[in-house]
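> have a look; sequence and predicted model below, questions after that.
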Amino acid sequence: MRSTSPQSILNATRHTRQRAEVLALLEQTDGFRTAQDLHQTLRQQGAKVGLTTIYRTLQLLVDAGEVDTTRSNGGEQLFRRCSRTHHHHLVCRHCGTAVEVSGPAVERWADKVASEHGFTDVAHTLEIFGTCGDCAGKARS
């Protein structure tokens, strides 16, 4: 469980209107999105926020463990507000829809492999990419 909230991370540096707007948008966003997508949405909503501010804010939230990050097939970094428990992602490679999934077998495997090689304090991430039902249905029609 994380002890630091995204708001306290933002307050620990310098609380600005722009950072609050980025955080509010992340709270409303279900799937993974690029910093550029978030920037465009905020600008369309009338926010005066720079792309650099968005990147800095996202990095603060990633560092605090409050935002998940992954890479698209093209290598672009994607961001999403995450739950507060350890999880993995099932991500649609077409529309970006993401589902948080638990993986107890993965956890046991990672601990076993780490132990076999003398590693401690191990962390990991797992993203599984595929095609969601909606996109698969559109491809069939």
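Yep, that arrived.

> any weak-confidence spans in this structure?
Scanning the chain with the threshold set as pLDDT under 70 gives 1-15, 83-84.

> outline the domain layout of it.
Using automatic domain parsing, the domain parsing of the chain gives 1-83, 85-141.

> okay, the ones you listed in CSV with mean neighbour count next?
Where you see a C-beta, it was placed from the backbone N, CA and C, and this is true even at glycine. Shown next, in CSV, are these (neighbours: other Cβ atoms under 10 Å):
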stretch, mean neighbour count
domain 1-83, 15
domain 85-141, 12
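
> other SSEs contacting the helix or strand harbouring Thr41?
Assigned by DSSP states H and E, Thr41 belongs to helix 35-44. Identification of packing neighbours for helix 35-44 by 3 or more Cβ pairs under 8 Å, 6 or more residues apart in numbering; DSSP states H and E yields helix 17-28, helix 51-63, strand 77-81.

> next, the angle from the second one to helix 17-28.
Which is helix 51-63. 60 degrees (axes from the mean of the first three to the mean of the last three Cα atoms, to 10 degrees).

> restrict helix 51-63 to CA atoms and write it as PDB.
Output of helix 51-63 as PDB, limited to C-alpha atoms (Å, rounded to 0.1, in the frame of the first residue of the first chain):
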ATOM      1  CA  LEU A  51       3.500  19.900 -22.500                       C
ATOM      2  CA  THR A  52       6.700  20.100 -20.300                       C
ATOM      3  CA  THR A  53       4.500  20.600 -17.200                       C
ATOM      4  CA  ILE A  54       2.500  17.600 -18.100                       C
ATOM      5  CA  TYR A  55       5.700  15.500 -18.500                       C
ATOM      6  CA  ARG A  56       7.100  16.700 -15.200                       C
ATOM      7  CA  THR A  57       3.800  16.000 -13.400                       C
ATOM      8  CA  LEU A  58       3.500  12.600 -14.900                       C
ATOM      9  CA  GLN A  59       7.000  11.700 -13.800                       C
ATOM     10  CA  LEU A  60       6.300  12.800 -10.200                       C
ATOM     11  CA  LEU A  61       3.200  10.600 -10.200                       C
ATOM     12  CA  VAL A  62       5.100   7.600 -11.700                       C
ATOM     13  CA  ASP A  63       7.900   8.000  -9.100                       C
END
